[in-house]
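Chemist: only the shape, not the letters, is given here:
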């Protein structure tokens, strides 16, 4: 457990967003013909009749039928394949008011079970009151010839369903988009509006994609009591599942959770404590006592952490050890055939990997981790044991493949993530019901693996298989919640080897020696000018930024030519400031990819994307579809992940779509998906994890003090393969080396493992 001060990131209480209708074009008319309708998400394409024209309209318009009178709000777009279309952002059904209009409406078979002839009889019976009768007095329909009580109930049920989605669309339009409203309606049916009015916070737990902040905005606009138990219970859970998780925490000490929730929700600690107790009683939260302190978990994260601990202990117990004599013979044979002698640490790593079900190998650059992997692959192959190589990111997997000459996959690909048509979401096909066949699973860059991904991997590893985790425990922890590699090491339950010896060839590299110096708290050598690590002193942040832009635009390409194409990465401590990623990316787009005649660009919010831009995915999105290869070799899949870097290769300005080419796939981004992309000539150190670049430029400038840390500088330096260029202030470098503040996280994995 770690006692890092915790505070919420922001106050979720905001006024409801203003309706965007004033900025949209309004059309009023009638549905002439439904061309296409997706029942799962409500996306519809239809011919829309205006007073003097028929146009094509498309958008999320669920439960629309031929003959419906609608009011549409949206914009005109040009589809390259289908021509001019009206893209609908919002809509309202304009219900008919008089008998003649009602007859046209019902005759169009809008209501299931009612055709033109029956419509005539119903309207003849009830006239202008027909729709009121169908909604409020459905039993009266049985007075119409040809309608039994059963049929009357069926007609009324279908009419109310359509009225319900209309009511839901009207109610939720100021809070959610049409697609989200469809999701809410599918969950609650005709009672959706009543549920939301009574307790909007139910939506957080029961409708995917609606977090506390959005539900809270709705609740405040509806005038609900900000001190209500429903709000406090939901806010407490939000702190654990979203806010705390964004800071990497798996759980929080009860005292800190209470303090943070009281601050966030603007209430007192006693009320928050009561809300925590209520959640614990309902099973929404779980409490554990570790090392004398109470920790609170969300139920799902508690299950994840418990599963990881239980499965790893089981793997370590069940895996058969190789005879000690055989291990010695394997190592001797490897040394003889490879013409080399392994260092003591490397030998121990080989022994432990063959003798245990779970083995951890850590060490900095140049300490021979890859050499150990090569030896293990040859030994396992000689034993006819199948091996799966994997890493958390595409770039890390690609690098592992290149270094071992063996296919390595991302963990997501190894677990065969697939898209479920029915649910609209992705899942891992490999798991407890479909285990991996391999006898050995080797994971590189294991420091990047968070709790959620580790849990999924553990589920898929078959009992009796070996799991070998390799990484640098001194680097920054995973972006997602948890600190898996460090927790496993700290628990002391598994065979662990830390390689420290720098080998001769690696020792000639200043990148390697300076990285180790930084990690040991020693000031790096910044004076050598003829190696692979350079320091360019600059005093002011503007000068630092100017030099960085000059290096990537002219100096490095002029000195190293084609070797720099796509191989220069700026890694900055922070997003903010003159030398932060946001400002550098604006300047680098202007310098490296300026506007040009015929070059398409797309503005989304405040960001302009242009064909040729380097971009990064900023969060895991398991639903983005991608394609790889062509023809018979074409592969289609789902999932683009936090830190994936690609290039914009195509923009459809009319549709607002953009195609991004990543290392091994192309993905299409539309609408709000563009929120998950940002320019990536410059990235933060956190976003660079797991990647390696030929040339790395690091601005050493006056960034926020919390980011000027030793392990952040160490992580940035170890991302470089060929050259590191530090640009900036020597005193900032010294500050970072001296600041050994760790990124501490609240987790319970080590404690669970210690208990066994």
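Modeler: Yes, it's here. Keep in mind the model is a prediction, meaning the values are calculated, not measured. Residues are numbered from 1 along each chain as shown.
Chemist: when you work out contacts or count neighbours from here on, use the C-alpha atoms and nothing else.
Modeler: Noted.
Chemist: flag the shaky bits of this protein, pLDDT-wise.
Modeler: Residues of the chain that meet the criterion pLDDT under 70 lie in 1-23, 40, 80, 94-95, 97, 108, 162-164, 419-425, 504-507, 631-633.
Chemist: have a look at it and report its longest strand.
Modeler: Secondary structure of the chain per DSSP state E: the longest strand is strand 25-37.
Chemist: which strands and helices sit next to the helix or strand following that one?
Modeler: Downstream of strand 25-37, the next assigned helix or strand under DSSP states H and E is strand 43-49. With contacts defined as 3 or more Cα pairs under 8 Å, 6 or more residues apart in numbering; DSSP states H and E, strand 43-49 has these neighbours: strand 25-37, strand 54-60.
Chemist: repeat that for 10 Å
Modeler: Counting contacts by 3 or more Cα pairs under 10 Å, 6 or more residues apart in numbering; DSSP states H and E, strand 43-49 packs against strand 25-37, strand 54-60, strand 69-79, strand 83-93, helix 178-188.
Chemist: tell me which residues are up against the next helix or strand after the fourth one.
Modeler: So that's strand 83-93. Next helix or strand after strand 83-93 toward the C-terminus (DSSP H and E): helix 99-107. The contact list for helix 99-107 (Cα atoms under 10 Å, 6 or more residues apart in numbering) reads 65-69, 95-96, 110-124, 126-131.
Chemist: repeat the analysis, applying 6 Å as the threshold.
Modeler: Outside helix 99-107, the residues that touch it by Cα atoms under 6 Å, 6 or more residues apart in numbering are 67, 96, 115-116, 119, 127-128.
Chemist: burial count for residue 228?
Modeler: 11 (other Cα atoms under 10 Å).
Chemist: find the nearest non-adjacent residue to residue 552, please.
Modeler: residue 568 (6.9 Å; Cα to Cα, 6 or more residues apart in numbering).
Chemist: is it true that that neighbour touches residue 698?
Modeler: No - using Cα atoms under 6 Å, residue 568 is not in contact with residue 698, being 10.9 Å away.
Chemist: before we move on, back to that, list the helices and strands the longest strand of the chain packs on?
Modeler: strand 43-49, strand 69-79 (3 or more Cα pairs under 6 Å, 6 or more residues apart in numbering; DSSP states H and E).
Chemist: who wins for proximity to residue 332 among those?
Modeler: Proximity to residue 332, assessed across the helices and strands packed on strand 25-37 by Cα to Cα, is greatest for strand 43-49 (65.1 Å).
Chemist: neighbouring strands - and their directions - for that closest one?
Modeler: Sheet pairing of strand 43-49 (DSSP bridges) gives strand 25-37 (antiparallel), strand 54-60 (antiparallel).
Chemist: tilt between it and strand 83-93?
Modeler: Using axes from the mean of the first three to the mean of the last three Cα atoms, to 10 degrees, the inter-axis angle of strand 43-49 relative to strand 83-93 is 90 degrees.
Chemist: ok and strand 43-49 relative to strand 69-79, angle-wise?
Modeler: Computed by the same axes, to 10 degrees, the angle between strand 43-49 and strand 69-79 is 110 degrees.
Chemist: how many residues are close by residue 468?
Modeler: Applying other Cα under 10 Å, we find 23 residues neighbouring residue 468.
Chemist: do the same with residue 597
Modeler: Using other Cα under 10 Å: residue 597 sits among 5 other residues.
Chemist: which secondary structure element contains it?
Modeler: Under DSSP H and E, no helix or strand contains residue 597.
Chemist: next, give phi and psi for it.
Modeler: Phi and psi for residue 597, reported as degrees, to the nearest 10, are phi -60, psi 130.
Chemist: how near is it to residue 610?
Modeler: Distance, residue 597 to residue 610, by Cα to Cα, to the nearest Å: 12 Å.
Chemist: likewise for residue 486?
Modeler: Counting by Cα to Cα, the gap from residue 486 to residue 610 is 41 Å.
Chemist: more neighbours: which of the two?
Modeler: Using other Cα under 10 Å as the criterion, residue 486 and residue 610 rank with residue 610 on top: 23 against 20.
Chemist: residues in contact with the more buried one?
Modeler: Residues near residue 610 by Cα under 6 Å, 6+ apart: 600-601.
Chemist: follow-up on the earlier one: which one of the contacts of helix 99-107 sits closest to residue 463?
Modeler: Among the contacts of helix 99-107, and counting by Cα to Cα, the member closest to residue 463 is residue 67, at 60.5 Å.
Chemist: hmm, who's touching the longest helix along the chain?
Modeler: If you go by DSSP state H, the chain has its longest helix at helix 149-172. Residues from elsewhere that reach helix 149-172 (Cα under 6 Å, 6+ apart): 111, 134, 138, 141-142, 190, 193.
Chemist: out of the helices and strands packed on strand 25-37, flag the one nearest residue 454.
Modeler: strand 43-49 (35.8 Å).
Chemist: which residue packs closest to residue 29, ignoring adjacent ones?
Modeler: Distances taken as Cα to Cα, 6+ apart place residue 50 nearest to residue 29, at 4.8 Å, with adjacent residues excluded.
Chemist: mind listing the strands in the stretch 301-450 of the chain by residue range?
Modeler: 358-363, 387-391, 408-410, 417-420, 425-428, 440-443 (DSSP state E, counting those that start in this stretch).
Chemist: which parts of stretch 246-253 are buried?
Modeler: For stretch 246-253, a neighbour-count test (16 or more other Cα atoms under 10 Å) marks 247-253 as buried.
Chemist: can you check stretch 454-465 too?
Modeler: Using 16+ other Cα under 10 Å as the test for burial, stretch 454-465 gives 454-465.
Chemist: before we move on, what about stretch 219-238?
Modeler: 219-220, 224, 226, 230-238.
Chemist: how far off centre is it?
Modeler: Here stretch 219-238 is found 27 Å from its chain centre; the criterion is Cα atoms, centre = their mean, to the nearest Å.
Chemist: and for that stretch, what are the contacting residues?
Modeler: Stretch 219-238 is contacted from outside by 200, 261, 275, using Cα under 6 Å, 6+ apart.
Chemist: most neighbours of all those, which one?
Modeler: Comparing those by number of neighbours (other Cα under 10 Å), residue 261 comes first, having 28 neighbours.
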